[in-house]
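Novice: One predicted model, sequence on top.
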Amino acid sequence: MNILDKIVVDKRKEVNLRKSLIPVSQLEQSILFNRATISLTSNLRNSKSGIIAEHKRRSPSKSVINYSLNVQDVASGYENAGVCGMSILTDGKYFGGSLDDLLVARASASLPLLRKEFIIDEYQILEAKAYGADVILLIAAILTKAEIKLFSELAKSLNLDVLLEVHNEEELHKSIMPSLDMLGVNNRNLKTFEVSLDTSKQLSQLIPDDFVKISESGISTVEAIKELQPYGFKGFLIGENFMKTDNPGESATIFIKDLAGL
Ligand SMILES: O=P(O)(O)OC[C@@H](O)[C@@H](O)c1c[nH]c2ccccc12
């Protein structure tokens with residue numbers, strides 16, 4: 001089994017447990033469930049930098065990144081830096097995150113928030129809404145075409161934006177449908193952890209222009225962004241490069257200034 005398969009096996013158990021503890025009716029009663037969401041898609045369309053900054057404590061590829069920060073400081077730091085949106089890993093076992101991180105970020109910033117999760121069940125989309133997310137991630141590598149349709153349509157009915165992530169041509173072909181807002185190319189292969197910006201460059205031409213294109217992972221320099229922009233990318237998802245520093249907000253501020261100056 002590769003790491004992605006393992007994550008999905010664990011995720012199914014976790015979701016079943018959660019479902020038995022908190023029924024859907026309770027999620028729907030959450031104060032945040034009826035909150036008006038903020039669109040990451042339109043923020044990206046109107047932005048020059050297109051930076052989406054991530055909160056990530058650890059990862060299977062890098063092990064520990066940073067456990068000494070608090071989410072509140074990271075979220076308000078990113079907001080002050082002028083990022084377009086924030087991504088919050090909510091997986092506990094492999095990424096050290098939680099739904100509480102999402103709640104804290106929601107209380108600390110008025111940015112569009114992406115629930116970064118391995119979504120395999122409609123329940124997790126209701127959870128995303130109940131805990132204050134504006135956007136969900138769907139990973140083509142772990143979903144069928146029918147699931148992508150079902151999950152993205154449910155998200156749209158809740159006014160959540162949908163980011164669909166692909167890593168190769170096959171995943172892209174099965175995924176393209178009108179209920180998606182943004183298409184992300186993950187430069188990291190989640191099965192082998194190999195990272196290459198060429199993945200974004202190669203797949204970009206196959207993504208129809210109606211979707212906002214995002215390049216994800218392994219971005220650590222403003223030069224990389226300049227290199228990707230001519231391929232039509234409007235969004236850039238950056239985690240480790242900011243999170244490995246003592247002050248991710250400040251790192252993002254410097255990065256965005258450098259990008260504007262280039
Ligand atoms: O830390 P990086 O290399 O900047 O990557 C951020 C983000 O793209 C990465 O965390 C990610 C992209 N897709 C995912 C899916 C699941 C978990 C994590 C991810």
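Specialist: Looks like it arrived, so ask away. Residues are numbered from 1 along each chain as shown.
Novice: which bits of this protein sit near the ligand?
Specialist: 54, 56, 116, 139, 165, 186, 216-219, 237-241 (CB under 6 Å from any ligand atom). All C-beta atoms are positioned from the backbone trio N, CA, C, and that covers glycine.
Novice: quick one: which of those sit in helices?
Specialist: E240, N241 (DSSP state H).
Novice: Max pairwise distance over the residues of the chain next to the ligand: which two?
Specialist: Greatest spacing in the residues of the chain next to the ligand, by CB to CB: I139 and N241 (21.3 Å).
Novice: Tell me which of the two has more neighbours.
Specialist: The neighbour count for I139 versus N241, taken as other CB atoms under 10 Å, is higher for I139 (24 against 18).
Novice: In space, what's closest to the more buried one - neighbours in sequence excluded?
Specialist: Spatial nearest neighbour of I139, excluding adjacent residues (CB to CB, 6 or more residues apart in numbering): E165 at 4.9 Å.
Novice: Which pLDDT does the model give the one you found?
Specialist: What the model reports as pLDDT for E165 is 98.
Novice: mind checking how far it is from N70?
Specialist: Taking CB to CB, to the nearest Å as the measure, E165 falls 27 Å from N70.
Novice: Of these two, give the one with the bigger neighbour count.
Specialist: E165 (24 against 10).
Novice: mind listing what that one touches?
Specialist: Listed by CB atoms under 8 Å, 6 or more residues apart in numbering, the contact partners of E165 are L137, L138, I139, A140, A141, L183, G184, V185, N186, E216.
Novice: What about the second one, how many residues nearby?
Specialist: Neighbourhood size, L138 [other CB under 10 Å]: 25.
Novice: Listing request: residues of the protein with sub-threshold pLDDT.
Specialist: Applying pLDDT under 70 to the chain flags no residue at all.
Novice: Please identify which residue in it comes closest to the ligand.
Specialist: Closest contact between the chain and the ligand, by CB to the nearest ligand atom, is at G239 (2.8 Å).
Novice: pretty sure that residue is in contact with S217, am I right?
Specialist: Yes. If you go by CB atoms under 8 Å, G239 and S217 touch, sitting 7.4 Å apart.
Novice: Looking at those two, which is more packed in?
Specialist: Each of G239 and S217 has its neighbours counted (other CB under 10 Å); S217 has more, 27 against 24.
Novice: Helix, strand, or coil at K48?
Specialist: coil (DSSP: H, G, I helix; E, B strand; the rest coil).
Novice: Counting neighbours, what do you get for the residue nearest to it when sequence neighbours are not counted?
Specialist: Closest residue to K48 apart from its sequence neighbours, by CB to CB, 6+ apart: A260 at 6.8 Å. By the measure other CB under 10 Å, the count of residues near A260 is 11.
Novice: all helices of this protein, in order?
Specialist: 3-21, 24-28, 40-45, 71-81, 99-108, 122-130, 145-157, 169-175, 198-204, 222-228, 240-243, 248-261.
Novice: and the residue lying closest to V9 once chain neighbours are set aside, how many residues sit next to it?
Specialist: Nearest in space to V9, with sequence neighbours left out and distances taken as CB to CB, 6+ apart, is M1 at 7.6 Å. M1 sits with 8 neighbouring residues when counted by other CB under 10 Å.
Novice: before we move on, what about G82?
Specialist: 16.
Novice: cool, H173 as well?
Specialist: 12.
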